[in-house]
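In: pasting the sequence and the predicted model now:
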Amino acid sequence: MKIAIAGAGAMGSRFGLMLKQGGNDVLLIDGWQEHINAIKENGLKANYNGEEITVKVPIVNQNEVPTGEQFDLIILFTKAMQLEKMLQDVKPLIADHTEVLCLLNGIGHEDVIEKFVPMEKIFIGNTMWTAGLEGPGKAKLFGSGSVKLQNLGIGQEESAKKLAETLSASGLNAKYSDNIHYSIYRKACVNGTMNGLCTILDVNMAGLGATKPAHDMVVTIVNEFAAVAAKENVNLDIPEVIEHVETCFDPTTIGMHFPSMHQDLIKNNRLTEIDYINGAISRKGKKYGVVTPYCDFLTQLVHSKEEILGAK
Ligand SMILES: NC(=O)C1=CN([C@@H]2O[C@H](COP(=O)(O)OP(=O)(O)OC[C@H]3O[C@@H](n4cnc5c(N)ncnc54)[C@H](OP(=O)(O)O)[C@@H]3O)[C@@H](O)[C@H]2O)C=CC1
Ligand SMILES: CC(C)(CO)C(=O)C(=O)O
């Protein structure tokens, strides 16, 4: 399959690497020139479950996407605030048959994608895979993960199932979900707890889990997400979601991972996706008349930290 990864940071590199190793024809697309140069010169390097590997994979700057090339699948893996610009840049690659899969963290990305892609070609989902970048062209990939996805367009279930099979054939452990809005809220609970708290406290997920207040904070935040989700007829199984969130604490699986928000703000002084996670719950809470004090406060804390660190 001919696949473009639009946003080849940590996660785009993981998916690009695994899909390439799985025999697909992969093109990475990104905007970070140093990273692009490194991959062009030396290949995509990765510490892959403890083993140092290099994979030769083509990469282009999103400002110079090849005209006349068409892709079967484009996987979106930018940060939420970069999504619209990336879609504008990859527009020439979207043919009538091109399917577009969005696996970004956060809520509501379909509203942006719909401006560029016909509904029947949009697939949305989320992933529990993790990834980090050690520097330009070098990823650190450990642990296991999964993907859930669904079609947005009516009658596209078979295409969504085939898409999940394509990802799974490269080891990405993808499953079709018949209620992706539920899965997205469930995953947003993971990010709404792990990302902001690990960033403010400057710990990985196992470190957060080892603190005494961690469980109570998780319970309160998940309840805020659930109260907002219920207003959209998404009724979360709260005890199950809390248990799922707390699996992230396990140091033998993904607990040693510093969430992507920590990588952005603390490691790289970059702005965060907080407005698309806890911030989205605060905004929706105001709209629906639901109080969300922990999400409000966490959003403010992360924004204050962005200012203090002069994040860009
Ligand atoms: N990392 C993870 O473990 C997980 C992440 N996600 C989600 O996946 C999506 C993509 O996240 P992720 O892959 O972590 O994003 P990254 O920050 O690694 O990459 C996103 C973009 O940021 C820019 N960039 C990244 N690092 C630097 C740097 N040091 N200096 C300059 N530019 C840089 C690049 O684009 P540009 O130059 O154009 O800005 C890159 O395409 C997000 O929605 C995230 O929440 C989901 C699950 C796990
Ligand atoms: C918390 C985690 C690892 C879950 O996959 C994630 O989504 C992130 O780092 O942003």
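Out: Now that the structure is in, tell me what you want to look at. Ligands and ions are numbered 1, 2, ... in the order given.
In: could I have stretch 143-153 exported to PDB, CA atoms only?
Out: Presented in PDB, the C-alpha positions along stretch 143-153 are these (Å, rounded to 0.1, in the frame of the first residue of the first chain):
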ATOM      1  CA  GLY A 143       6.600  -1.200  24.800                       C
ATOM      2  CA  SER A 144       3.500  -2.400  23.000                       C
ATOM      3  CA  GLY A 145       0.300  -0.600  22.000                       C
ATOM      4  CA  SER A 146      -2.900  -0.700  20.000                       C
ATOM      5  CA  VAL A 147      -5.000   1.300  17.700                       C
ATOM      6  CA  LYS A 148      -8.800   1.700  17.500                       C
ATOM      7  CA  LEU A 149     -10.400   3.200  14.400                       C
ATOM      8  CA  GLN A 150     -13.700   3.800  12.700                       C
ATOM      9  CA  ASN A 151     -15.100   5.300   9.500                       C
ATOM     10  CA  LEU A 152     -16.900   8.700   9.800                       C
ATOM     11  CA  GLY A 153     -18.700   8.100   6.500                       C
END
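In: that one and ligand 1, any residue contact?
Out: No. For stretch 143-153, no contact with ligand 1 is found by C-beta under 6 Å from any ligand atom; the gap never falls below 8.0 Å. C-beta: built from backbone N, CA, C; applies to glycine.
In: mind listing the strands for this structure?
Out: In the chain, the strands defined using DSSP state E lie at 2-6, 25-30, 44-48, 51-55, 59-61, 73-76, 99-102, 122-127, 132-135, 138-141, 147-151, 174-176.
In: take those and lay them out in TSV including mean pLDDT, distance to residue 91 and mean neighbour count.
Out: Listed next are those as TSV, based on pLDDT from 0 to 100; distance: least, C-beta to C-beta, whole Å; neighbours: other C-beta atoms under 10 Å:
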stretch	mean pLDDT	distance to residue 91	mean neighbour count
strand 2-6	98	11	24
strand 25-30	98	12	24
strand 44-48	98	25	20
strand 51-55	98	27	13
strand 59-61	98	14	18
strand 73-76	98	10	24
strand 99-102	98	11	25
strand 122-127	97	14	24
strand 132-135	96	26	16
strand 138-141	98	27	21
strand 147-151	98	21	23
strand 174-176	98	26	20
